[in-house]
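K.L.:
Build me a structure from this.
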Amino acid sequence: MTIRSRRETITFRHPFHIRGIVRELPAGAYEVVTDEETIEGLSFPAWRRIATMITVPSEGVRGATEMLSIGSVDLADAQRIDASA
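P.N.:
Prediction:
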């Protein structure tokens, strides 16, 4: 089984919440990493998402960051809410 990671930067224009993260996060650019694994036994290449993580400012340590596991649906919900605000 092969695993790959995709990285992308997403931008929030407003402070936002993501389910599973208890604090409000400030507006800005965030790196999101999505890990995927191959689905074996198919006649074409296919990938299944196995993890989604976001890098956020760390609480209490200025300039530090932490990577938190989040749900891809929760991230999409936060982006949708930000776009409609």
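K.L.:
what are the ranges of the strands in the chain?
P.N.:
Applying DSSP state E to the chain gives strands spanning 3-12, 28-38, 47-57, 65-70.
K.L.:
Make CSV out of those and add distance to residue 18.
P.N.:
Every residue, glycine included, has its C-beta placed from N, CA and C. Below are these laid out as CSV (distance: least, Cβ to Cβ, whole Å):
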stretch, distance to residue 18
strand 3-12, 10
strand 28-38, 10
strand 47-57, 7
strand 65-70, 5
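K.L.:
Need these in TSV (columns: distance to residue 84 and mean neighbour count).
P.N.:
What follows is the strands of the chain, written out as TSV (distance: least, Cβ to Cβ, whole Å; neighbours: other Cβ atoms under 10 Å):
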stretch	distance to residue 84	mean neighbour count
strand 3-12	12	11
strand 28-38	18	15
strand 47-57	20	16
strand 65-70	20	14
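K.L.:
would you turn these into a markdown table with distance to residue 80 and mean pLDDT?
P.N.:
As requested, those are exported to a markdown table (distance: least, Cβ to Cβ, whole Å; pLDDT from 0 to 100):
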| stretch | distance to residue 80 | mean pLDDT |
| --- | --- | --- |
| strand 3-12 | 11 | 96 |
| strand 28-38 | 15 | 97 |
| strand 47-57 | 16 | 95 |
| strand 65-70 | 15 | 96 |
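K.L.:
Of those strands, which is nearest residue 83?
P.N.:
Nearest of the strands of the chain to residue 83, taken as Cβ to Cβ: strand 3-12 at 9.3 Å.
K.L.:
From residue 36, how far off is the most far-flung residue of the chain relative to its centre?
P.N.:
Distance from the C-alpha centroid of the chain, by Cα atoms, centre = their mean, peaks at residue 43 (29.7 Å). Distance from residue 43 to residue 36, counting by Cβ to Cβ, to the nearest Å: 19 Å.
K.L.:
Quickly list what the residue nearest to residue 31 when sequence neighbours are not counted is bridged to.
P.N.:
Of all residues not flanking residue 31 in the chain, residue 55 sits nearest, at 4.4 Å (Cβ to Cβ, 6 or more residues apart in numbering). Here residue 55 shows beta-bridge partners residue 67, assigned using DSSP bridges.
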